[in-house]
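S.K.: build me a model:
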Amino acid sequence: MNLKKELQTRLLEDMIKPIKQKEACVVMVVDTHTSSILSSCCRMYDVMEAGVLALENIKKQRERLDMAAIYFLGPIEESIDGLIKDFSIPKKPQYSTVHLFFTSRVKSELMHKIAGCQALVTRIKTLQELNCDFIAYEEKVFTFGRSERVMANLYFPATKQELQNELSQTSVQLVSLLMSLKEFPYIRYSNKGKSGPICLGLARFVEDDLRQTTSKLKDWKPTESRERGTLLIVDRSMDPVCPLMHEYTYQAMVQDLLNVQGELCYLEEDKKAADGSADAAAPDGRKSSNAAKGKESAAAGANKDEEEVPAAHVLSEDDAQWVEFRHNHIGKVISDVTAKFREFKGTNKMAKLQQNDAASVKDMIEAMKAMPKYKDLMKKYHKHMSIASECMAKFEKKQLSKLGELEQDMATGLTSDGKEVVLKQLKAQLVDMCQSSDIGVVEKLRLLMIYVISQGGIHESTRKELMKNIDLQLQKAIRNLEKLGVDLATPSKKGSSKHSKDRLAEFERRARTIPMALMRYLPFLHSVFQNLVNYQLSEEEFPYIVPPADRQDGSKRQARSARRTTGGGNARNWRDKEEKKEEDTRPIFIIYVLGGVTFSEMRSVYEIAEQSAKQAHIIIGSTSTLTASGFVKELADLSTGEFQTALKSSGTGRSSYAAAGDDDDDDEEKDKRKLRDDK
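M.R.: So this is what the prediction gives:
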């Protein structure tokens with residue numbers, strides 16, 4: 001199961017191809033959200049190859065064209081207003097013919113709005129709800145492209161309506177994912193803790209929306225070749241420690257420590273190099289603004305000198321090295337990249353030629369043929385060595401070895417030797433870290449929040465003393481942990497481990513067997529995912545909305561169930577099975593995490609998918625991916641601007657992370673860069 005390929009097929013084959021068969025020339029118009037959906041699974045080359053002449057943004061002023069247009073839009077008022085504006089002058093329509101596709105269900109009031117524009121209605125030749133309102137973040141990861149105020153809407157909404165709206169919107173997007181995958185799954189949810197009702201609420205929404213939506217579509221039915229899958233709804237309160245922990249695998253470190261915007265990673269060394277060349281290039285001794293020049297040049301579509309602007313390193317699944325290394329420990333990445341680079345130089349013809357002064361003409365010709373591949377691989381090896389090196393530089397600068405050891409001790413309740421931690425020693429280390437001027441604002445907050453969660457609270461007077469140099473707005477993040485079910489009350493003198501016996505045993509095993517001391521912590525959801533695909537997940541803690549009717553042995557019945565009958569599918573006889581031996585009958589397990597999914601949880605899914613590759617497919621998603629700074633910002637209920645201001649007004653005076661919000665590019669520019677052919 002590859003989400004990127006599934007979504008690409010949906011957009012290119014089900015949307016663009018049928019229209020291109022009817023129209024000689026087609027342009028495509030998108031909004032900000034659908035641009036993100038499109039760019040998550042397609043490159044510009046794919047879209048053009050499918051027959052689209054130009055890709056336009058509905059917000060921008062465009063040239064009027066006498067040809068057909070595919071409008072791919074989200075069902076929101078802003079986009080529909082833009083659509084209507086294109087045909088507000090009947091004698092001067094933007095395009096001659098309209099093929100209108102929406103990502104998901106359109107509300108009746110918005111349909112009435114469209115119907116009121118006669119100049120538009122007469123030109124609509126296609127009107128379809130495509131049901132693909134999700135971003136294929138990775139092969140096994142999806143997001144809904146929403147991050148602002150999601151945590152607040154779920155856990156501390158101003159009104160009940162805010163929570164209802166959040167769950168309703170999430171349900172619509174989840175249903176669109178299920179319909180794209182042709183899945184009508186069993187729906188299960190977590191009923192643990194304070195947030196159990198939230199998971200139950202979303203589960204009920206999805207069940208109702210899925211039944212209502214599919215009942216109206218006579219041509220839609222779930223895939224009959226696979227066993228019936230499962231959608232499991234869990235939430236962030238099940239493991240609030242996970243987003244706060246420093247992770248030491250490649251992808252997680254890049255996202256945590258470096259300036260990453262979408263698939264683009266910017267390095268400080270590149271910026272310094274560009275600034276240096278800018279200073280040297282100014283003949284009158286004044287500094288030139290190369291970054292500004294680069295942006296103007298890109299916007300104009302003009303040629304630009306790549307050396308003038310800091311390069312954006314693309315981290316996508318098109319890069320085999322990135323896919324190979326992203327879930328490995330950073331130390332292993334550095335050694336593996338170095339070894340592979342040396343091996344490559346030892347076997348590549350061009351590399352050998354450069355080391356051989358007596359090369360023959362034949363050798364030169366052969367080497368020249370290999371030149372494009374040589375340049376491409378050299379670039380990729382250099383990219384990953386540069387990125388990994390900058391991660392390690394930040395690791396040293398931020399004293400993450402010392403910080404990480406304390407985090408692991410607090411989160412697991414055990415030392416690296418597997419012995420039970422001493423609360424007094426933990427607290428002393430925490431005080432030292434929080435009072436150190438060398439530790440950043442976000443790191444201090446992370447440490448204190450991990451302590452509060454893992455040790456069952458902290459004295460209010462102690463918290464205020466430790467946080468006296470931290471902006472009060474940021475301290476809200478600690479207080480709001482209570483909304484996730486975290487006990488902020490004064491802990492007992494002995495401390496209070498909240499881990500189950502199984503979880504403590506797992507931490508003890510990892511302390512003995514994991515060679516990296518800073519990788520002892522395992523996300524709580526890892527075991528949940530594992531039990532799910534092995535049909536061992538507790539039905540008491542994770543009940544069904546509609547239990548399997550023919551259960552024989554608990555959840556294990558699902559693995560032996562007859563072929564799907566939901567949605568009109570019929571059981572197939574033995575002849576059908578004989579004819580379709582190669583069909584993939586493995587069920588799909590879809591995990592949805594309310595409140596954001598972390599990169600360590602994503603890694604867990606890949607690990608479990610590899611272990612159970614013969615039994616099941618497994619994918620995970622949420623409204624957005626979650627970094628530590630994003631989690632703190634969301635818990636503090638701050639906008640990006642407010643978050644930056646609060647960081648600067650705190651004791652250390654600076655943000656700990658480049659990625660915390662210094663983003664000059666708007667969403668459209670990011671997606672244009674992601675769609676570029678030369679990625």
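S.K.: which neighbouring elements make contact with the helix or strand where Glu506 lies?
M.R.: Remark: Glu506 resides in helix 501-513, with elements defined by DSSP states H and E. Applying 3 or more C-beta pairs under 8 Å, 6 or more residues apart in numbering; DSSP states H and E, one finds that helix 501-513 contacts helix 400-412, helix 524-533. For the C-beta atoms, the positions are set from N, CA and C on the backbone; glycine is no exception.
S.K.: using TSV, please lay out the ones you listed together with mean neighbour count, mean pLDDT and distance to Pro18.
M.R.: What follows is the helices and strands packed on helix 501-513, written out as TSV (neighbours: other C-beta atoms under 10 Å; pLDDT from 0 to 100; distance: least, C-beta to C-beta, whole Å):
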stretch	mean neighbour count	mean pLDDT	distance to Pro18
helix 400-412	21	89	52
helix 524-533	20	92	36
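S.K.: dump these into TSV; add distance to Leu244 as well.
M.R.: What follows is these, written out as TSV (distance: least, C-beta to C-beta, whole Å):
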stretch	distance to Leu244
helix 400-412	8
helix 524-533	13
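S.K.: which stretches of the stretch 151-300 of the chain form helices?
M.R.: Using DSSP state H, counting those that start in this stretch, the helices found in the stretch 151-300 of the chain span residues 160-180, 196-215, 250-257, 268-281, 290-300.
S.K.: buried ones in stretch 95-111, by neighbour count?
M.R.: For stretch 95-111, a neighbour-count test (16 or more other C-beta atoms under 10 Å) marks Tyr95, Thr97, Val98, His99, Leu100, Phe101, Phe102, Thr103, Ser104, Arg105, Val106, Leu110 as buried.
S.K.: same deal with stretch 82-94?
M.R.: Gly82, Leu83, Asp86, Phe87, Pro93, Gln94.
S.K.: related to what we said a few turns ago, looking at the helices and strands packed on helix 501-513, which is nearest to Gln164?
M.R.: Gln164 lies closest, by C-beta to C-beta, to one member of the helices and strands packed on helix 501-513: helix 524-533, at 25.7 Å.
S.K.: tilt between the closest one and helix 501-513?
M.R.: If you take axes from the mean of the first three to the mean of the last three C-alpha atoms, to 10 degrees, helix 524-533 sits at 110 degrees to helix 501-513.
S.K.: show residues contacting helix 524-533.
M.R.: Here helix 524-533 makes contact (C-beta atoms under 8 Å, 6 or more residues apart in numbering) with 230, 232, 234, 238-239, 241-242, 502-503, 506, 537-538, 542, 589, 591, 593, 601, 604-605, 607-608, 612, 615-616, 618, 620.
S.K.: send me that helix as PDB with only the CA atoms.
M.R.: Provided in PDB are the C-alpha atoms of helix 524-533 (Å, rounded to 0.1, in the frame of the first residue of the first chain):
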ATOM      1  CA  PHE A 524       3.400   4.100  23.800                       C
ATOM      2  CA  LEU A 525       1.500   3.700  20.500                       C
ATOM      3  CA  HIS A 526       4.200   1.300  19.200                       C
ATOM      4  CA  SER A 527       2.700  -1.600  21.200                       C
ATOM      5  CA  VAL A 528      -0.800  -0.500  20.300                       C
ATOM      6  CA  PHE A 529       0.000  -0.700  16.600                       C
ATOM      7  CA  GLN A 530       1.700  -4.100  17.000                       C
ATOM      8  CA  ASN A 531      -1.300  -5.600  18.900                       C
ATOM      9  CA  LEU A 532      -3.700  -4.200  16.300                       C
ATOM     10  CA  VAL A 533      -2.000  -5.900  13.300                       C
END
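S.K.: so where do the strands sit in the stretch 1-150 of the chain?
M.R.: 26-30, 52-57, 68-73, 97-102, 124-129, 135-138, 141-143 (DSSP state E, counting those that start in this stretch).
S.K.: now the stretch 301-450 of the chain
M.R.: Using DSSP E, counting those that start in this stretch, strands in the stretch 301-450 of the chain cover 313-314.
S.K.: point out where it drops to low pLDDT.
M.R.: Flagging of the stretch 301-450 of the chain using pLDDT under 70 yields the residue ranges 301-311, 344-374.
S.K.: and if you look at the stretch 151-300 of the chain?
M.R.: Scanning the stretch 151-300 of the chain for pLDDT under 70 picks out the ranges 269-300.
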